[in-house]
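Whatever this is, show me its structure:
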Amino acid sequence: MKVQREKRFALLMAVRDSDYVKKVYGGYFNVFVEAFADEEEKWDLFRIVEGEFPAIDDLQNYEGFVISGSPHDAYGDEYWILELCFILQTLFAMQKKVLGICFGHQVLCRALGGKVGKAYSGWDIGIRKVCEVPEGAQVLACSDKTRVEMFKFGDNILGIQGHPEYEKDILDNIIDRLLSNGSFEKGFAEEAKLKSMEAEADRKYWERICKSFLKGRWITQSQTYF
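Numbering: from 1, shown residues only. Okay, here's the model as predicted:
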């Protein structure tokens, strides 16, 4: 009887756990696993923001990789961001599945030859970045805030500007923290929360998109949290 090999996936986490997410979910890793993992899969966590990366020789053992969002700039030159760009170029050459979310979406563009820079169109529950996809990539979605909300490059690279893994309470906590540290004004925070209540993102739909991509299935359009 042939024994089926356990499928392995890796989360490349570019953000540190907030106190709220640690208390409620046990960390962002659990949020991602709940959103994207299937039973009988093994998911490994690499805290790349702290310089923790999978070994190059171990990359071949993974079916796919997810790059999280981050408060850091995808166009920055911190050591770990440059190391991440090298890893992503290696994964692209290996034709491994890579899903990038928010910061992950932007750094994929950078690593594969596109352009990423700061935009000046204001907040959209997060700093919006100018993003030009690499030559040969296909833009799948855009908005009035950015030309590239979602893109794919062949069958192995998918970038999404939004956060399909977020529950609404996580978004509300982020809004509260950004308000408390002066990142934006009370009126903007209230409007953002109201907007999220009036137009509840179809999170399960976006989860299916991400899971279908990672597991070799496939896509279309809706709305998600930013």
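
CA atoms for contacts and neighbours, from now on please.
Noted.

Quick one: the helices in the protein, in order.
19-25, 28-36, 79-94, 103-111, 168-180, 186-198, 203-214 (DSSP state H).

Could you measure from Ala14 over to Glu63?
20 Å (C-alpha to C-alpha, to the nearest Å).

Ok, Phe9 next?
6 Å.

Those two: which is more packed in?
Phe9 (23 against 17; other C-alpha atoms under 10 Å).

So what sits opposite that one in the bridge?
Counting by DSSP bridges, Phe9 forms beta bridges with Trp43, Gly64.

That one contacts Trp43, doesn't it?
Yes: Phe9 lies in contact with Trp43 (C-alpha atoms under 8 Å); the separation is 4.8 Å.

shared neighbours of the two, which are they?
Listed as contacting both Phe9 and Trp43 by C-alpha atoms under 8 Å, 6 or more residues apart in numbering is no residue at all.

got the contact list for Pro71?
Going by C-alpha under 8 Å, 6+ apart, Pro71 touches Val15, Phe103.

Could you check how many residues crowd around Lys204?
13.

Please tell me how far it sits from Ile174.
Distance from Lys204 to Ile174, by C-alpha to C-alpha: 21 Å.

And Gly26, by the same measure?
Gly26 is 16 Å from Ile174, by C-alpha to C-alpha.

which secondary element of the protein has the worst mean pLDDT?
In the chain, no helix or strand scores lower on mean pLDDT, DSSP states H and E than strand 127-132, which sits at a mean of 56.

low-confidence ranges in the protein?
For the chain, applying pLDDT under 70 flags the ranges 1-4, 117-130, 141-147, 182-183, 195-203, 218-226.

rerun that using 80 as the cut-off
Within the chain, the stretches with pLDDT under 80 are 1-5, 115-130, 132-133, 138-149, 162, 164, 166-168, 171, 174-206, 217-226.

my guess is Ile111 meets Leu91, correct?
Not quite, residue 111 is Ala, not Ile. No: assessed by C-alpha under 8 Å, Ala111 is found out of contact with Leu91, at 10.7 Å.

Looking at these two, which one has more neighbours?
Ranked by neighbour count (other C-alpha under 10 Å), Ala111 and Leu91 place Ala111 first, with 23 against 20.

and the more buried one, what does it touch?
With C-alpha under 8 Å, 6+ apart, Ala111 has these contacts: Cys85, Phe86, Leu88, Gln89.

Please repeat the previous calculation with a cut-off of 6 Å.
Cys85 (C-alpha atoms under 6 Å, 6 or more residues apart in numbering).

if we can go back for a sec, when Gly26 and Ile174 are compared, which one has more neighbours?
Using other C-alpha under 10 Å as the criterion, Gly26 and Ile174 rank with Ile174 on top: 17 against 14.
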